[in-house]
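Peer 1: Return a 3D structure for these sequence lines:
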Amino acid sequence: MFTVGVRAQPPPPARWADAGLVSGEAVELDVRAARLGSRVLALLIDLVAQLVVALLLGAGLSVLVVSLPRDLMDAALAGALQLVVLVLVLVGYPVLMERFAGGRTLGKLAVGLRVVRADGGPVGVGQSLTRALVGVAVEWPGLVLPLLSWAASVTVMLTDPRGRRLGDLVAGTLVVHTRGAGVWRPVPPPVPPLLGWAATLDLTRVDDGLALAVRQYLGRLHQLAGPDRSRLGRELWAEVAAVTSPPPPWAAPEPAYLAAVLAERGRRAAYRLGRARAVTATLWPELAPAPVAAPAPTALRPAVPSRPDPVRGQPTSVDARR
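Peer 2: Predicted coordinates:
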């Protein structure tokens with residue numbers, strides 16, 4: 001009997017899934033944690049929105065003050081009303097927005113961020129309130145030691161593995177991206193043996209919508225799993241084959257056919273565009289950009305002194321008189 005030691009290899013780290021969220025089925029979610037840059041951008045947008053809310057509330061407060069009797073309005077009541085407006089803007093705005101917009105404020109909606117619990121669940125009202133109170137007290141605007149609290153907040157966000165701020169640490173929340181980070185890749189090049197067949201195709205019935213679908217499929221081919229990738233490729237090739245002729249000369253994978261058809265369609269479009277530009281340049285040469293000619297090289301020669309011409313009275317060089 002032999003004993004074989006087997007050591008499990010750790011799975012490769014995910015490139016974008018750095019939020020560390022795991023579903024109830026013990027599956028790591030492909031979610032990115034929001035970092036300092038995106039959160040500052042969302043904060044700037046929220047500051048503009050809060051300024052608009054403050055102006056609207058201030059206008060309403062002015063109307064209320066004017067409508068009240070003068071014997072009821074004093075400095076204490078005015079200060080209390082201003083404090084209410086300040087609390088509504090700094091605390092009420094993020095809490096209400098996160099409550100009714102699914103953990104998102106206007107800035108987070110624009111940037112594509114969302115506040116969730118540390119376990120990935122939806123954020124609650126109590127957690128949103130805690131985040132807002134901690135943010136007002138020690139982060140922004142930072143009522144307690146503003147400069148020191150700002151430096152501490154930035155340090156915490158830069159050193160935390162998931163980019164959380166002090167309010168997130170206290171409330172047990174996390175800000176994540178709601179939009180996936182796509183990696184641009186070019187369309188796979190066509191197989192050279194299929195280029196001759198593609199040059200004989202009738203592509204008049206391949207419309208722009210079908211060509212765009214083929215382009216998107218080929219561009220995202222690396223992101224699709226095996227069964228779905230093959231099924232979608234067969235469906236797209238069936239649509240393309242129904243409107244093109246002649247059929248391919250030999251069997252090949254569907255992506256190879258689609259890449260050859262797309263390349264030939266692009267080549268013909270570029271050819272038509274070149275002919276149209278040539279006709280335009282012939283009929284309206286003023287619309288065509290003038291070619292820039294390279295300056296001819298000139299040999300350096302010493303300067304020749306000039307003297308006045310006795311006939312015309314113009315200065316001429318000595319060599320010209322000879």
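
Peer 1: what about Ala101, neighbour count?
Peer 2: 14 (other CB atoms under 10 Å). In short, each C-beta sits where N, CA and C put it, glycine included.

Peer 1: do you know how far it is from Arg220?
Peer 2: 30 Å (CB to CB, to the nearest Å).

Peer 1: What helices and strands are in contact with the helix or strand where Arg277 lies?
Peer 2: Using DSSP states H and E, Arg277 maps to helix 254-283. Applying 3 or more CB pairs under 8 Å, 6 or more residues apart in numbering; DSSP states H and E, one finds that helix 254-283 contacts helix 192-199, helix 208-219, helix 226-242.

Peer 1: So for that helix, what gets flagged as buried?
Peer 2: 254-265 (16 or more other CB atoms under 10 Å).

Peer 1: how far away is the nearest residue to Glu98 once chain neighbours are set aside from Val279?
Peer 2: Leaving aside its chain neighbours, Glu98 sits nearest to Ser128 (4.3 Å; criterion: CB to CB, 6 or more residues apart in numbering). Distance of Ser128 to Val279, computed by CB to CB: 64 Å.

Peer 1: Just the pLDDT at Leu90, thanks.
Peer 2: Looking at Leu90, its pLDDT stands at 92.

Peer 1: Quick one: residues contacting the residue lying closest to it once chain neighbours are set aside.
Peer 2: Distances taken as CB to CB, 6+ apart put Val136 closest to Leu90, at 5.0 Å, once the chain neighbours are dropped. Shown in contact with Val136 (CB atoms under 8 Å, 6 or more residues apart in numbering): 90-91, 142-143.

Peer 1: Just put those residues in TSV and tack on neighbour count and distance to Val123.
Peer 2: Shown next, in TSV, are these (neighbours: other CB atoms under 10 Å; distance: CB to CB, whole Å):
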residue	neighbour count	distance to Val123
Leu90	19	18
Val91	17	15
Gly142	17	22
Leu143	12	23
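
Peer 1: Farthest pair within these?
Peer 2: Val91 and Gly142 (14.1 Å; CB to CB).

Peer 1: quick one: the strands in this protein?
Peer 2: Along the chain, counting by DSSP state E, strands occupy 113-117, 173-177, 306-308, 315-317.

Peer 1: just how off-centre is the second one within its chain?
Peer 2: Relative to the chain's own centre, strand 173-177 is displaced by 18 Å; criterion: CA atoms, centre = their mean, to the nearest Å.

Peer 1: From the domain annotation, what segments belong to each domain of this structure?
Peer 2: 36-177, 192-283 (automatic domain parsing).

Peer 1: so which of these is the most packed in?
Peer 2: domain 36-177 (a mean of 16; mean count of other CB atoms under 10 Å).

Peer 1: okay, and for this structure, where does confidence drop off?
Peer 2: 1-30, 180-186, 288-322 (pLDDT under 70).

Peer 1: which helix is the longest one in it?
Peer 2: What stands out as the longest helix in the chain, according to DSSP state H, is helix 36-67.

Peer 1: Give me the angle between that one and strand 113-117.
Peer 2: 90 degrees (axes from the mean of the first three to the mean of the last three CA atoms, to 10 degrees).

Peer 1: Which strands and helices lie in contact with helix 36-67?
Peer 2: Using 3+ CB pairs under 8 Å, 6+ apart: helix 36-67 touches helix 75-87, helix 93-100, helix 106-111, strand 113-117, helix 146-159.

Peer 1: go with 7 Å
Peer 2: helix 75-87, helix 106-111 (3 or more CB pairs under 7 Å, 6 or more residues apart in numbering; DSSP states H and E).

Peer 1: Compute the inter-axis angle for the longest one and helix 36-67.
Peer 2: Relative orientation of helix 75-87 with respect to helix 36-67: 150 degrees, computed using the same axes, to 10 degrees.

Peer 1: How far does helix 75-87 sit from its chain's centre?
Peer 2: Using CA atoms, centre = their mean, the offset of helix 75-87 from its chain centre is 41 Å.

Peer 1: residues making contact with it?
Peer 2: 54, 57-58, 61 (CB atoms under 7 Å, 6 or more residues apart in numbering).

Peer 1: switch the cut-off to 10 Å
Peer 2: 53-54, 56-58, 60-61, 64-65, 68, 73-74, 92-93, 132, 136, 141 (CB atoms under 10 Å, 6 or more residues apart in numbering).

Peer 1: Next: the shortest one.
Peer 2: Defining contact as CB under 10 Å, 6+ apart, one finds that helix 106-111 is touched by 34, 37-50, 52-53, 93-94, 97-98, 101-102, 104-105, 113-115, 175, 177-179.

Peer 1: The same query, at a cut-off of 6 Å, please.
Peer 2: 38, 41-42, 45-46, 49 (CB atoms under 6 Å, 6 or more residues apart in numbering).

Peer 1: Send me that helix as CSV with only the CA atoms.
Peer 2: Taking Å, rounded to 0.1, in the frame of the first residue of the first chain, the C-alpha atoms of helix 106-111 are listed here in CSV:
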residue,chain,number,x,y,z
LEU,A,106,-26.8,60.8,-6.8
GLY,A,107,-23.0,60.8,-6.8
LYS,A,108,-22.9,57.1,-6.4
LEU,A,109,-25.5,56.6,-9.2
ALA,A,110,-23.4,58.7,-11.6
VAL,A,111,-20.1,57.0,-10.8
